[in-house]
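[1] let's see this in three dimensions:
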Amino acid sequence: MRLLDGSGMSGDVHVPFCERLRVRSPRSTLLTYLPADVAGRWFYLYLILDVFSRKIVGFEVHDTDDSAHATHLVKRTALAEDIHTLQAKPVLHGDNGSTFKASTVLAMLFWLQIKPSYSPPR
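    Just a heads-up that it's a prediction; the model follows:
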């Protein structure tokens, strides 16, 4: 990105992508299946990922698919990342799966003042 300084001289300056877009630090959720040694058994990976830095913000692995696990992960991650101290709250992007769209997860997001989104980040 090229910027002009006060003297009219231009130069190359690195500005992080999220600052150029002026967005509110979007996060993305993921629920995926991990195979177990026993045929027909699966583990479930719950993951929250920072979209721009690709940092894994929070994750848990469980043997059942339950919205209570997703609620706990969202709450634990918000506390670990100090979401309550941010002026601009992040947006949590998720797939259209039932686990992250459950009313318990939505209630936790509302309580934490995090905006849910189910469309892909732009």
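
[2] when you work out contacts or count neighbours from here on, use the C-alpha atoms and nothing else.
    Noted.

[3] centroid-nearest residue for the protein?
    Arg27 (2.2 Å; CA atoms, centre = their mean).

[4] can you tell me how far that one sits from Leu34?
    To Leu34, Arg27 is 22 Å away according to CA to CA, to the nearest Å.

[5] repeat that for Ile48.
    Ile48 is 16 Å from Leu34, where distance means CA to CA.

[6] what about those two, which has more around it?
    Shown here are Ile48 and Leu34; by other CA atoms under 10 Å, Ile48 has more neighbours (24 against 13).

[7] so the more buried one bridges to which residues?
    Under DSSP bridges, the beta-bridge partners of Ile48 are Thr29, Gly58.

[8] tell me the spacing between it and Val38.
    27 Å.

[9] Phe110: helix or strand, and which one exactly?
    For Phe110, the element it lies in under DSSP states H and E is helix 103-111.

[10] what's the next helix or strand after that helix packed up against?
    From helix 103-111 onward toward the C-terminus, using DSSP H and E, the following helix or strand is strand 115-117. Judged by 3 or more CA pairs under 8 Å, 6 or more residues apart in numbering; DSSP states H and E, strand 115-117 is in contact with strand 91-93, helix 103-111.
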